[in-house]
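Asks: here is the input, now give the coordinates:
(one chain, ligands or ions: 1)
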Amino acid sequence: MLTEQQLHGIYVPVVTPFLPGGELDLESFHKLSASLVSQGINGLVVNGTTGESPTVTCEELSLLSAAAKSAIGAANVPLVLGTGTNDTRSSVQKTELAGKLGADAVLAVVPYYNKPSQQGIVAHFRKIAEVGLPVIAYEIPARTGVRMETDTVRTILEIDGITGLKDCSGSTELIDALQASGHRKPVLCGDDTRLLEFMEAGAAGGMLVSAHVCAEDLLTVYRRFRSGRPEEARTAFEKLIPLMNLMFEEPNPAPVKWLLAEAGQIAHGTLRLPMVEIGEELRGKLRGIGVLPGDALTL
Ligand SMILES: O=C(O)C1=N[C@H](C(=O)O)C[C@H](O)C1
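Replies: Take a look at the predicted model:
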């Protein structure tokens, strides 16, 4: 079970590779996960936003979880499964399933689309936490359509079993307020280009789609910062920003899937509708960024 101390560093919300017909490509998933683990990442997140969770069935989640566990092997890398939906009952059922599958924690997004009140959001997280598996609450208002107030986040972080927060709120306002009021549960940054800004504000690391492509570089940034070398961390980090920006020039995970397929790290860049492949213009920009085979970024 994930502890607060383990919720630090660079977590990777791994893509869910599909075959051209849309079926799971477990072979690519296993290969990619094993490669990320061997690069020293601090946590593997399956079925997050980047994993196209709205399209993944419970049966598929079970297969992905087994493949992820096999890829992790004996490494000390926590497995986090995305179980959040906009229906509390189904989020609880998926979290129970995650427990049976041997996950170390779950990632539960703020309910999207149905626009719950702040009290409703707290009640949702209480129910999920009651399952007994560590929960990482996931704030991403640009996707969910509802923003948690700071007091709501404080209340949620005080619930037993809520281990920390993944913050994709778009600024450090929330983490600044949490730090100012003495809240110490770990916060992971989910906005790739803001990782350093968040760590300066007290974040324990990041859960970042870019880590598929530059895990070792992000780990270098993280370690330099944590060992008291912020300027060296910044020098390394700034080199990654153009790549990170391209990862969001079309909706995530389409850019990263295209790049991983082009680099031969997954067999196909297939997405499930309503996500579609990136266009020619972005392909050209990604080809020019210097991360395809033989072009590794060096910090
Ligand atoms: O899947 C995730 O976890 C992430 N989702 C964010 C998004 O898709 O907007 C981005 C972040 O890098 C990780």
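Asks: what about stretch 224-231, how long is it end to end?
Replies: Start and end residues of stretch 224-231 are separated by 9 Å (CA to CA, to the nearest Å).
Asks: contacts for that stretch?
Replies: When contacts are defined by CB atoms under 8 Å, 6 or more residues apart in numbering, stretch 224-231 is touched by residues Leu196, Met199, Glu200, Glu232, Ala233, Ala236. The C-beta positions use only the backbone N, C-alpha and C, and glycine is treated the same way.
Asks: which of these are buried?
Replies: Among the contacts of stretch 224-231, those classed as buried by neighbour count (16 or more other CB atoms under 10 Å) are Leu196, Met199, Glu232, Ala233, Ala236.
Asks: what's the closest of these to Ser38?
Replies: Closest to Ser38 out of the buried ones among the contacts of stretch 224-231 is Ala236 (20.6 Å), distances taken as CB to CB.
Asks: ok, now which ones touch that closest one?
Replies: Contacts of Ala236 by CB under 8 Å, 6+ apart are Asp217, Thr220, Val221, Arg224, Leu299.
Asks: let's have the contacts of stretch 224-231 in TSV, adding secondary structure.
Replies: TSV is the format used below for the contacts of stretch 224-231 (DSSP: H, G, I helix; E, B strand; the rest coil):
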residue	secondary structure
Leu196	helix
Met199	helix
Glu200	helix
Glu232	helix
Ala233	helix
Ala236	helix
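Asks: about what we covered before: with pLDDT and distance to the ligand added, can I get the buried ones among the contacts of stretch 224-231 in JSON lines?
Replies: JSON lines is the format used below for those (pLDDT from 0 to 100; distance: CB to the nearest ligand atom, whole Å):
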{"residue": "Leu196", "pLDDT": "98", "distance to the ligand": "15"}
{"residue": "Met199", "pLDDT": "98", "distance to the ligand": "15"}
{"residue": "Glu232", "pLDDT": "97", "distance to the ligand": "23"}
{"residue": "Ala233", "pLDDT": "98", "distance to the ligand": "19"}
{"residue": "Ala236", "pLDDT": "97", "distance to the ligand": "18"}
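Asks: contact residues of the stretch 101-250 of the chain facing the ligand?
Replies: With the criterion set to CB under 6 Å from any ligand atom, the stretch 101-250 of the chain comes near the ligand through Cys168, Gly190, Asp192, Met207, Leu208, Val209.
Asks: using PyMOL, define a selection of the buried residues within these.
Replies: The PyMOL selection below is limited to those of those classed as buried (16+ other CB under 10 Å):
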select buried, resi 168+190+192+207+208+209
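Asks: which of the residues of the stretch 101-250 of the chain next to the ligand fall in strands?
Replies: Under the assignment DSSP state E, those contribute Met207 to strands.
Asks: picking up where we left off before, from the contacts of stretch 224-231, which is closest to Gln6?
Replies: Met199 (17.0 Å).
Asks: does that closest one touch Gly205 like I think?
Replies: Yes: between Met199 and Gly205 there is a contact under CB atoms under 8 Å: 7.3 Å.
Asks: mutual contacts of these two, please.
Replies: In contact with both Met199 and Gly205: Cys189, Tyr222, using CB under 8 Å, 6+ apart.
Asks: how far does stretch 103-117 sit from the chain's center?
Replies: In terms of CA atoms, centre = their mean, to the nearest Å, the centre of stretch 103-117 is set 13 Å apart from its chain centre.
Asks: any buried residues in that stretch, and which?
Replies: Neighbour counts over stretch 103-117 (16+ other CB under 10 Å) mark Ala103, Asp104, Ala105, Val106, Leu107, Ala108, Val109, Val110, Pro111, Tyr112, Pro116 as buried.
Asks: no further queries at this time; thank you.
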